[in-house]
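Engineer: model the following, please.
(2 chains)
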2 protein chains.
Amino acid sequence: MTKVLLLVEPKTEQLQQLKSEFPTATFTTDPADCRDAEIILGWKADLAATILKNEQLQWIQAKSAGVDYFPLRQLEGLGITLTNASGLHSRYIAETVSAYLLIENRGLRPVIKEPGQWIEPAVLETASQRVIIFGTGHIGQEIARYCRFFGMHVTGINRHGSDDHLSALFDDVITMQQFAAEDELLVTDYVINILPGTGATTHFFDEKHLQKFTSGYTFINVGRGTTVVTSDLQKMLATGYLRSAYLDVFEQEPLPASSALWRSPQVIATPHISGLMQHFRVALYPLFVDNLRRYFAGTHLRNVVDYQKEY
Amino acid sequence: MTKVLLLVEPKTEQLQQLKSEFPTATFTTDPADCRDAEIILGWKADLAATILKNEQLQWIQAKSAGVDYFPLRQLEGLGITLTNASGLHSRYIAETVSAYLLIENRGLRPVIKEPGQWIEPAVLETASQRVIIFGTGHIGQEIARYCRFFGMHVTGINRHGSDDHLSALFDDVITMQQFAAEDELLVTDYVINILPGTGATTHFFDEKHLQKFTSGYTFINVGRGTTVVTSDLQKMLATGYLRSAYLDVFEQEPLPASSALWRSPQVIATPHISGLMQHFRVALYPLFVDNLRRYFAGTHLRNVVDYQKEY
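Structural biologist: Numbers count the residues shown, from 1 in each chain, chains lettered A, B, ... in the order given. This is a model prediction of the structure:
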């Protein structure tokens, strides 16, 4: 019997479905079973030490797209396969980013930051704006779809450049190398960061990189807080080089209640909720069940994390 | 010479264009000319008495879609034609409504009403939601286009019911009469009000009408504040029958800083900005110039207000 530990609690009918479809497996929700489960759905930081001693463990299915909270080097060393939940959250993140864009363009930021004033705020013409998105995977593609519906011009930045698929979804795609080599300022109204938290992206958005765009733009971070030098970001908000920032992720999480970011009139800070889903288990289980079928059939799993790229 | 008074200040190049295209007219921006101008672009409440004594006046082009701030009965009695600016603001109002919808669905309301808390707010599944829009004109159609892009099911309510054009833009269209006669609660997640302020719509949204929908919905008002009984709305927020409200217009404007609506955690109040445009004159003048051409050619003007309907 293959022991499968479910650290994301299944609904009753989901558990029944698992049991009837995979009769050669036993399903458990007892965290103590992390000692000898062959497959684990989800992760708990306080079980890490025990999990890393589990010699039966073959595969972990993460419930998130980002996997920066896993001990990647150790899992790689132990030969454990890690799969992520990339794709599930894309639509929700695109909706959150759209909320940010429209709050800014419709002049709602000063109104909701300081309610009670009958003012005529500055508004912006969405359909004439440019957006640059760092990351062209599932999430970047979905954000691009929303931005183009709003009439915006969308540039994607990734490692490998464009292809037929991406060229249909973005107005332009450039590589990180081209971005780094660019001498002229990139003209944009928004920079949207969805880069994963990896060794290569740590503190990527420092003063130098934040100044590679024309001044007066808005920075949106729904990737990882570690990709930004927060003090540089705050400095550039203070000088006005940055018009505003919408931040869902932070170098330190939870963001302390005392942080000036919560109170700045230029900033909307949100508590790492951009990809939150109302029916998370409904969406996660089909991905997990599909991967379980593949596991037992001995075929390739979907969404396998590349330990070199760290995503 | 036909005297044309411009109460919406033209840009230099707009004034030059008017003068060269209409050599038989004189263009003025001096409010004193409201005494004898034949045509007026815009309106100022403090000039009303003088304007109503102007026997030369033939036509007023309003700069807004709603015309409830004009003395309609008197203008009708004097035989003056009034045209509105319906259509110009539709996209902006649809963007503002989209901001409201996505703020609500992505759980941003509690976060931005009380910043500093690291919470996991309730989120809602946009693509499974229903929206009912009161009004199926330019603005209602544009809101419907955005809502359907978001995957929502959209019902329109108007005076005359559906036609080929509307049936392509809305999932359903019902008449105000059908709405009034309906015994069962209408299932919905959002009610969006864009009704104009007229005798027929005054206090339409009272307790009785607000209770014709299933409980737990969100009310959005980007029409006119006079269409709502604010105390009834507040009562229904307090009981939880209404989940929340996004209000851009109010019975009393400006909404006093002391109003509880600014501070309620269930309400996002904004200062009548849903249709605000960055380049307002750029958009308004082409409509006005087109109507001027029609005026001098003696053909029908666009957007003529029906004094019976009051819009």
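Engineer: run the chain-centre distance for stretch A:278-292.
Structural biologist: Centroid displacement of stretch A:278-292 relative to its chain, using C-alpha atoms, centre = their mean, to the nearest Å, is 18 Å.
Engineer: then stretch A:83-99?
Structural biologist: Averaging C-alpha coordinates over stretch A:83-99 and over its chain gives two centres that are 7 Å apart (C-alpha atoms, centre = their mean).
Engineer: over to stretch A:245-257?
Structural biologist: On C-alpha atoms, centre = their mean, the centre of stretch A:245-257 falls 14 Å from the chain's centre.
Engineer: is any part of that stretch close to chain B?
Structural biologist: Yes: with C-beta under 8 Å from any C-beta of the partner chain as the measure, stretch A:245-257 is seen reaching chain B through A:253-255, A:257. C-beta: built from backbone N, CA, C; applies to glycine.
Engineer: near chain B, which residues of the stretch 51-200 of chain A?
Structural biologist: Taking C-beta under 8 Å from any C-beta as the criterion, the contact residues of the stretch 51-200 of chain A with chain B come out as A:91-92, A:95-96, A:98-99, A:102-103, A:105-108, A:111-113, A:115-127, A:149-150.
Engineer: which among those residues end up buried?
Structural biologist: A:91-92, A:95-96, A:98-99, A:102-103, A:105-108, A:111-112, A:115-116, A:118, A:123, A:126, A:150 (16 or more other C-beta atoms under 10 Å in any protein chain shown).
Engineer: now, those residues that are in strands?
Structural biologist: Applying DSSP state E to those, no entry is found in strands.
Engineer: restricted to helices, list those residues.
Structural biologist: Of the positions in those, A:91-92, A:95-96, A:98-99, A:102-103, A:105, A:108, A:111-112 sit in helices, assigned by DSSP state H.
Engineer: any chance of those residues in TSV with pLDDT as columns?
Structural biologist: Shown next, in TSV, are those (pLDDT from 0 to 100):
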residue	pLDDT
A:R91	97
A:Y92	97
A:E95	98
A:T96	98
A:S98	98
A:A99	98
A:L102	98
A:I103	98
A:N105	98
A:L108	98
A:V111	97
A:I112	96
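Engineer: sort out which one of those residues lies nearest B:E13 for me.
Structural biologist: Each of these was checked against B:E13 using C-beta to C-beta; the closest is A:N105, at 25.9 Å.
Engineer: what's the burial count for the residue of the stretch 201-311 of chain A found nearest chain B?
Structural biologist: Using C-beta to the nearest C-beta, the point where the stretch 201-311 of chain A gets nearest to chain B is A:P254, with a distance of 3.5 Å. Under the neighbour criterion other C-beta atoms under 10 Å in any protein chain shown, A:P254 is assigned a count of 12.
Engineer: chain A: strands as residue ranges?
Structural biologist: Taking DSSP E, the strands of chain A run over residues A:2-6, A:25-28, A:39-41, A:59-61, A:81-83, A:130-134, A:153-158, A:172-175, A:190-193, A:217-221, A:242-247, A:267-269.
Engineer: output the below-cut-off pLDDT ranges for the stretch 201-311 of chain A.
Structural biologist: For the stretch 201-311 of chain A, no stretch is flagged by pLDDT under 70.
Engineer: up against chain B, what does it have?
Structural biologist: A:253-255, A:257, A:262-263, A:268-271, A:273-274, A:276-279.
Engineer: among the residues you listed, which are in helices?
Structural biologist: A:262-263.
Engineer: which of the residues of the stretch 201-311 of chain A next to chain B sit farthest apart?
Structural biologist: By the measure C-beta to C-beta, these have their two most distant members at A:R263 and A:H279, which lie 33.7 Å apart.
Engineer: now do the contacts for A:S86.
Structural biologist: A:S86 is in contact with A:65, A:137-139, A:303, counting by C-beta atoms under 8 Å, 6 or more residues apart in numbering or on different chains.
Engineer: how many residues are close by the nearest residue to it once chain neighbours are set aside?
Structural biologist: Counting by C-beta to C-beta, 6 or more residues apart in numbering or on different chains, A:S86 lies nearest to A:A65, which is 4.4 Å off, once chain neighbours are set aside. By the criterion of other C-beta under 10 Å, A:A65 has 21 neighbours.
Engineer: who wins for most neighbours among the residues of stretch A:245-257 next to chain B?
Structural biologist: Compared across those, A:L255 has the highest neighbour count, 23 neighbours, by other C-beta under 10 Å.
Engineer: got phi/psi on it?
Structural biologist: Its backbone dihedrals place A:L255 at phi -60, psi 120, with angles given as degrees, to the nearest 10.
Engineer: that one touches A:A269, doesn't it?
Structural biologist: Yes: A:L255 sits in contact with A:A269 when judged by C-beta atoms under 8 Å, with a separation of 6.2 Å.
Engineer: number of residues surrounding A:Q56?
Structural biologist: Residue crowding around A:Q56 was assessed by other C-beta under 10 Å; the count is 11.
Engineer: same deal with A:V228?
Structural biologist: Using other C-beta under 10 Å, the number of residues around A:V228 comes to 27.
Engineer: just A:I39 next, same as before
Structural biologist: Burial measure for A:I39: 22 neighbouring residues, criterion other C-beta under 10 Å.
Engineer: and it, bridged to which residues?
Structural biologist: Using DSSP bridges, the bridge partners assigned to A:I39 are A:V4, A:W59.
Engineer: can you pull the contacts of it?
Structural biologist: So, once contact is read as C-beta under 8 Å, 6+ apart, A:I39 ends up touching A:2-5, A:25, A:57-61, A:292, A:295.
Engineer: now neighbour count too, for these, in JSON lines please.
Structural biologist: Listed next are the contacts of A:I39 as JSON lines, based on neighbours: other C-beta atoms under 10 Å in any protein chain shown:
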{"residue": "A:T2", "neighbour count": "16"}
{"residue": "A:K3", "neighbour count": "17"}
{"residue": "A:V4", "neighbour count": "23"}
{"residue": "A:L5", "neighbour count": "26"}
{"residue": "A:A25", "neighbour count": "18"}
{"residue": "A:L57", "neighbour count": "23"}
{"residue": "A:Q58", "neighbour count": "15"}
{"residue": "A:W59", "neighbour count": "19"}
{"residue": "A:I60", "neighbour count": "23"}
{"residue": "A:Q61", "neighbour count": "27"}
{"residue": "A:L292", "neighbour count": "22"}
{"residue": "A:Y295", "neighbour count": "23"}
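Engineer: show me what contacts A:W262?
Structural biologist: The contact partners of A:W262, by C-beta under 8 Å, 6+ apart, come to A:255, A:269, B:115-116.
Engineer: how about those residues in CSV, adding distance to A:Q211?
Structural biologist: Output for these, formatted as CSV (distance: C-beta to C-beta, whole Å):
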residue, distance to A:Q211
A:L255, 24
A:A269, 22
B:P115, 28
B:G116, 30
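Engineer: nearest to A:A45 among those residues?
Structural biologist: Closest approach to A:A45 among the contacts of A:W262 (C-beta to C-beta): A:L255, at 18.8 Å.
Engineer: list the contacts for the closest one?
Structural biologist: For A:L255, the contact set (C-beta under 8 Å, 6+ apart) comprises A:261-262, A:269, A:271, B:118.
Engineer: do the same with A:G42
Structural biologist: Here A:G42 is in contact with A:6-8, A:61-63 (criterion: C-beta under 8 Å, 6+ apart).
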